[in-house]
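Peer 1: let's see this in three dimensions:
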Amino acid sequence: MTTIPEEPQRANLAKWHPNEADKMARQQLAGGWLRALPPTGVQILGAVASRCEHVTPAELGRVLPVEPVDGDRWAAPCWTDVSEDTEQVATLDRYAAAYDRGPVRTCADLLDLLVAAGVLWSAQGKVIGPVEPVPGVDEVFPVTNAERAEIASLRDMAAQLG
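Peer 2: Numbering: from 1, shown residues only. Down below sits the predicted model:
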């Protein structure tokens, strides 16, 4: 069984400068988050980082690119089509199982996983913020060797771009 790597020390940010938001966006790209999350998850990470201060779940919910379920965007599916994204869905569910979570189907499930994995922080569900530095997928989830190689390639590309 694969174990979750030990996490380096990270800071929970409550306020940060726009330059830090740009840095976090680059860290998200280099860390493999675009390949690991559904578009809704990428939107959550980007929205939290670009805010430059912590955000409430209600504020963050307003930017989710989903149709509300019974008036609640957090209850909406985080996947466009689970039957089309089967490999990515299975991978994210495997990651969630490492944190005794699963299956990830709603936006609330996705946010819960990101907080459990330490990619975002939440204070009793009242506010949400990013951590610095942004961890990579391979730093918080048990990835396969192929996934690790792909993320290493993304980091190399990001380092070359500056």
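Peer 1: please enumerate the strands of the chain.
Peer 2: Secondary structure of the chain (DSSP state E): strands at 11-12, 120-123, 127-132.
Peer 1: other SSEs contacting the last one?
Peer 2: Meaning strand 127-132. strand 11-12, helix 18-30, helix 39-51, strand 120-123 (3 or more CB pairs under 8 Å, 6 or more residues apart in numbering; DSSP states H and E). For glycine as for every other residue, the C-beta is placed from the backbone atoms N, C-alpha and C.
Peer 1: if we use 6 Å, what do you get?
Peer 2: Counting by 3 or more CB pairs under 6 Å, 6 or more residues apart in numbering; DSSP states H and E, the packing neighbours recorded for strand 127-132 are strand 120-123.
Peer 1: the strand it packs on packs against which elements?
Peer 2: strand 127-132.
Peer 1: again, only using 8 Å
Peer 2: Using 3+ CB pairs under 8 Å, 6+ apart: strand 120-123 touches helix 39-51, helix 107-116, strand 127-132.
Peer 1: show me what the longest one is in contact with.
Peer 2: It refers to helix 39-51. 21, 24-25, 28, 33-34, 37, 55, 60, 63-66, 78-80, 107, 110-111, 114, 119-120, 128-130, 134 (CB atoms under 8 Å, 6 or more residues apart in numbering).
Peer 1: need the longest helix for the chain.
Peer 2: Determined from DSSP state H, the single longest helix within the chain is helix 145-161.
Peer 1: give me the contacts around that one.
Peer 2: By CB under 8 Å, 6+ apart, helix 145-161 touches 26, 29, 30, 31, 32, 35, 91, 136, 137, 138, 143.
Peer 1: what's the angle from it to helix 18-30?
Peer 2: Interaxial angle of helix 145-161 relative to helix 18-30 (axes from the mean of the first three to the mean of the last three CA atoms, to 10 degrees): 140 degrees.
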